[in-house]
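> I would like the atomic coordinates for the input below:
(one chain, ligands or ions: 2)
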Amino acid sequence: MTDCIFCKIINGEIPSYKIYEDDVVYAFLDISQATPGHTLVVPKKHVKDIFEYDEDLAAAVFARIPKIARAVKASNSEIIGMNILNNNGKAAYQSVFHSHIHLLPRYADDKFSM
Ligand code: 5GP
Ligand code: ZN
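Numbers count the residues shown, from 1 in each chain. Ligands and ions are numbered 1, 2, ... in the order given. Below you'll find the model as predicted:
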């Protein structure tokens, strides 16, 4: 999609700090880090939200989450946990309408609350 900010990030038209990339997903640091290392995993295929995934895309994207989560965790020994979140629709606080999964590292005494 030409006017999608995450498609532009995937295509390199908008800069991002890349964490991981393969043929299915692109993972990069969130521009507004809820906690240090806050990463977004996005399917390269433009799908708006979880309701647009077919089984093959879901299997491919979600199969990659543990590996990327381990890489983020390994990047900082202070990470002691991780929330994995996926917002779908304005009512659920989705603000970018190219589906993405938040990897939110947790630290002792961090101030993040959901
Ligand atoms: P949502 O609210 O849709 O679940 O999450 C969207 C996320 O995308 C937000 O956490 C926001 O900070 C992040 N975001 C929005 N625009 C950009 C951008 O241009 N670059 C990066 N790296 N993250 C972005
Ligand atoms: Zn897109």
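
> and for Gly12, the neighbour number?
Gly12: 10 surrounding residues under other CB atoms under 10 Å. For the C-beta atoms, the positions are set from N, CA and C on the backbone; glycine is no exception.

> likewise Val42?
21.

> need the strands for this protein, in chain order.
18-21, 25-29, 39-43, 79-85, 101-107 (DSSP state E).

> want to throw the ones you listed into JSON lines with distance to Glu55?
Shown next, in JSON lines, are the strands of the chain (distance: least, CB to CB, whole Å):
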{"stretch": "strand 18-21", "distance to Glu55": "23"}
{"stretch": "strand 25-29", "distance to Glu55": "16"}
{"stretch": "strand 39-43", "distance to Glu55": "13"}
{"stretch": "strand 79-85", "distance to Glu55": "20"}
{"stretch": "strand 101-107", "distance to Glu55": "17"}
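
> which stretch among the ones you listed comes nearest ligand 2?
Closest of these to ligand 2 is strand 39-43, at 7.7 Å (criterion: CB to the ion).

> and the residue nearest to the spatial centre of the chain, bridged to which residues?
By CA atoms, centre = their mean, the chain has its centre lying nearest to Leu40, at 1.9 Å. With DSSP bridges as the criterion, Leu40 is bridged to Phe28, His102.

> between the strands of the chain, which one is nearest to Phe6?
strand 39-43 (5.1 Å; CB to CB).

> look up how far ligand 1 lies from Phe6.
For Phe6, the distance to ligand 1 (CB to the nearest ligand atom, to the nearest Å) stands at 8 Å.
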